[in-house]
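Undergrad: From the sequence below, what's the structure:
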Amino acid sequence: MLTTLIRLHEDMAPVILAAGGITLICGIIALIVVRGRSADQGGGAIMRVFRILLTATAALGLVQAILGGLMYLQGARPGEGLHYVYGGIVLLAIPVAYVYSDQARVRRDIIIMVIAVVAVIGAAVRALMTGQP
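TA: Model prediction:
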C-alpha cells in the first residue's frame with residue numbers, strides 16, 4: 001500500500017504544476033480583461049473559469065496533502081524536512097489568499113489570487129526537489 005501511495009503522491013506533482021500553470025495563465029488573462037472595469041462589470045466568463053481553476057488547484061493540493069499524510073502515518077519520510085513546508089504552502093496558499101481577498105475589488109482580488117498561484121507553483125517545484133530520500 002505504501003508504494004502505491006508514494007507513486008500517487010509522485011504522480012500528482014506534475015498534475016498540480018499543470019493546473020497551477022493553467023490557472024496562472026487564466027489569471028493573467030482575467031487581469032487584462034477586467035482592467036478599467038468596476039466590480040459590478042466584473043469579467044464574466046473568464047472570472048468564472050478562473051474561480052473554477054482556483055478551486056481545482058486548491059483541491060489538488062488538498063488531495064496531495066492527504067496522500068502525504070497517509071504516507072507519513074505509514075512511516076515514509078521525505079528527503080528533507082523542508083518538504084513539509086513546501087507542501088503546506090501548496091495546501092494553504094490559495095485558501096489563505098481567498099480569506100485575504102475582500103471579493104469587492106475585482107482587480108486587487110485577481111492579483112492576490114495570481115500571487116497565490118505563483119506561490120503554489122514555486123512550492124510545488126521545491127517540494128519535488130526535497131521529496132526524494
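Undergrad: What's the mean pLDDT across whichever strand or helix holds Asp11?
TA: Using DSSP states H and E, Asp11 sits in helix 2-34. For helix 2-34, mean pLDDT is 94.
Undergrad: ok, then the element right after that helix?
TA: Next helix or strand after helix 2-34 toward the C-terminus (DSSP H and E): helix 45-73.
Undergrad: And that next one, what's buried?
TA: Using 16 or more other C-beta atoms under 10 Å as the test for burial, helix 45-73 gives 46-47, 49-50, 53-54, 57-58, 60-61, 63-65, 67-68, 71. (Glycine included, C-beta is placed from N, CA and C.)
Undergrad: next one: stretch 120-132
TA: Quick answer for stretch 120-132 (16+ other C-beta under 10 Å): Val120, Ile121, Ala123, Ala124, Arg126, Ala127, Leu128, Thr130, Gly131.
Undergrad: what packs against the helix holding Asp11?
TA: Here helix 2-34 touches helix 45-73, helix 106-131, going by 3 or more C-beta pairs under 8 Å, 6 or more residues apart in numbering; DSSP states H and E.
Undergrad: Against which helices or strands is the shortest one packed?
TA: The reference is to helix 106-131. Partner elements for helix 106-131 (3+ C-beta pairs under 8 Å, 6+ apart): helix 2-34, helix 45-73, helix 82-100.
Undergrad: need the ones you listed in JSON lines with distance to Ile115, can you?
TA: JSON lines is the format used below for the helices and strands packed on helix 106-131 (distance: least, C-beta to C-beta, whole Å):
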{"stretch": "helix 2-34", "distance to Ile115": "9"}
{"stretch": "helix 45-73", "distance to Ile115": "12"}
{"stretch": "helix 82-100", "distance to Ile115": "7"}
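Undergrad: The ones you listed: which one's closest to Ile111?
TA: Minimum separation from Ile111 across those (C-beta to C-beta) falls at helix 2-34, 6.9 Å.
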